[in-house]
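Trainee: Dropping the sequence and predicted coords here.
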Amino acid sequence: MEPQQRDQAKSLSAQVLPVFMTRRYRTVAAVAILLLMLWMYHGFAQRSVVPLPSHQQFGSQDKADGPALPLTSPPPAPEPTGIPVEKPTTETHSHLEIPRKIWQIMLPRDNKGKKQVPDPKVLEDTPSWLIMNPDYEYKLVGEKGADEFVSQHFADKPAIIETYQGLQNLGMKSDLLRYLILDVEGGVYTDTDTVDIKPIDEWIPAHLKGKVGLIVGIEFDRRDGGPWAEIPHWLQFCQWTIAAAPGHPVFPKMVSHILEAVERYSSAYQVPVNKLNPTSFEVMNSTGPAAWTDVVFEQLQEYEPTLKELKDLSFMTEPKLYGDILVLSINGFGMGQRHSHSTNDGTIPKDALMKHLFRGSWRG
């Protein structure tokens, strides 16, 4: 405060204080003095602030002549929502990590109206997942648990419940269920006829930790060979094993695809959903790997518009990240096959994470 201002303050205080020293005006006096001091301080502060040059302000450290950029907080990450809300997005899903959960599904087969009791041998490969991942939560989902899961989490989505309950084909029902589980819970889904080769914690390269929301593997790569009868794509992703963060945007799109396909088949054959008897090709293209490939590639293109066709992913030799989707090379989830340049000489390649034994039948 300058000398002249201090003298004015003392003089003014000397004149005002005796008037308000009575008990009746003490409170008013205190307030008046406080306001007076704030007014005088404000005038002093205004003359004392020296603005920083533009190159010293936040947001333009690298360009001295550029305008200062305002500091803003990023919007909060959206909560995972239920299916099927389908909307294109180029935003990655890195705000959620893949949880330490392992899911397998064992639905009973229907043999002439009678449910068959599952054979314990169906789970003879499961111990590999438990031994390799001791800190992971494991859950085997059966018929009752599946019904409760779908009813509980999709009570406001009657189309999903009706479609799931109506499907009689075991492959289609299991396919739909795995997408619903991963959307809500996240984790690793794997068929019961698979074995784990490397701990799941090692599936994502160290430099990509925290950036991956979905892991997909290639099961077929035509490369420079000829087409296959039941595989319409140049390259196809498997869905016998999928790792995902909950709420990944690929799952609402996949479930929407399934609902539309099932409705289309029902209309074409003029039968209700529970009377559908699809061919293996129809299963693959409605709920199975062909449909999964279409939807995943659509999401990849939203993240990376330079991808024009599935052929662009052919001949992969190492994992690659597109947005938050980690695409593995053929050996990642597809070793041991007699095609696609998959390692099939009895050895385990270093890039293999798990192996599919093809003991089950997704056709139902």
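Mentor: Received it, and whenever you're ready, just let me know what you need.
Trainee: make it CA atoms for all contacts and neighbour counts henceforth
Mentor: OK.
Trainee: Roughly how far does the residue most central in space within the chain sit from F281?
Mentor: Ranked by distance to the mean C-alpha position of the chain (CA atoms, centre = their mean), the top residue is H248 at 2.6 Å. With the distance defined as CA to CA, to the nearest Å, H248 ends up 27 Å from F281.
Trainee: I102 bridge partners, please.
Mentor: Listed by DSSP bridges, the beta-bridge partners for I102 are Y138, V188.
Trainee: list the contacts for it?
Mentor: W129, Y136, E137, Y138, K139, G187, V188, Y189, T190 (CA atoms under 8 Å, 6 or more residues apart in numbering).
Trainee: Am I right that the second one is in contact with R100?
Mentor: Yes: in this structure, Y136 sits in contact with R100. The criterion is CA atoms under 8 Å, and the distance is 4.9 Å.
Trainee: what do those two both touch?
Mentor: Joint contacts of Y136 and R100 (CA under 8 Å, 6+ apart) do not exist.
Trainee: follow-up on the earlier one: which secondary structure element contains the residue nearest to the centre of the chain?
Mentor: Using DSSP states H and E, H248 is not contained in any helix or strand.
Trainee: Tell me where the model's unsure across the stretch 151-300 of the chain.
Mentor: Under the criterion pLDDT under 70, no range of the stretch 151-300 of the chain is flagged.
Trainee: just the helices in it please.
Mentor: 158-166, 170-184, 250-269, 280-286, 289-303 (DSSP state H, counting those that start in this stretch).
Trainee: Please identify the buried residues of the first one?
Mentor: I take that to be helix 158-166. Residues I160, I161, T163, Y164 are the ones in helix 158-166 that count as buried (16 or more other CA atoms under 10 Å).
Trainee: Let me have those residues in TSV, extended by distance to M254.
Mentor: Formatted as TSV, those follow (distance: CA to CA, whole Å):
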residue	distance to M254
I160	12
I161	15
T163	14
Y164	14
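Trainee: Name the nearest of those residues relative to G288.
Mentor: Nearest to G288 among the buried residues of helix 158-166, counting by CA to CA, is Y164 at 14.6 Å.
Trainee: and the gap between the closest one and L176?
Mentor: 7 Å.
Trainee: Kindly report the same for K157.
Mentor: Taking CA to CA, one finds K157 at 14 Å from L176.
Trainee: and if you look at V255?
Mentor: 7 Å.
Trainee: out of those two, which sits in the more crowded spot?
Mentor: More neighbours surround V255 than the other of V255 and L176, with 26 against 22 (other CA atoms under 10 Å).
Trainee: Make sure A291 is actually in contact with M284.
Mentor: Yes: A291 lies in contact with M284 (CA under 8 Å); the separation is 6.5 Å.
Trainee: re the thing from before, tell me the buried residues within the contacts of I102.
Mentor: For the contacts of I102, buried by 16+ other CA under 10 Å: W129, Y136, Y138, G187, V188, Y189, T190.
Trainee: Just list the residues touching the fourth one, thanks.
Mentor: Neighbouring residues of G187 by CA under 8 Å, 6+ apart: I98, P99, R100, K101, I102, W103, A243, A244, A245, P246.
Trainee: same thing but at 6 Å, please
Mentor: I98, P99, R100, K101, I102, A243, A244 (CA atoms under 6 Å, 6 or more residues apart in numbering).
Trainee: same question, the second one
Mentor: When contacts are counted by CA under 6 Å, 6+ apart, Y136 is found next to R100, K101.
Trainee: And it, how close does it get to W103?
Mentor: Counting by CA to CA, the gap from Y136 to W103 is 10 Å.
Trainee: How about the first one?
Mentor: Noted for W129: a distance of 10 Å to W103, by CA to CA.
Trainee: How many neighbouring residues does K114 have?
Mentor: 9.
Trainee: Report the beta-bridge partner residues of it.
Mentor: Applying DSSP bridges, one finds that K114 bridges with N111.
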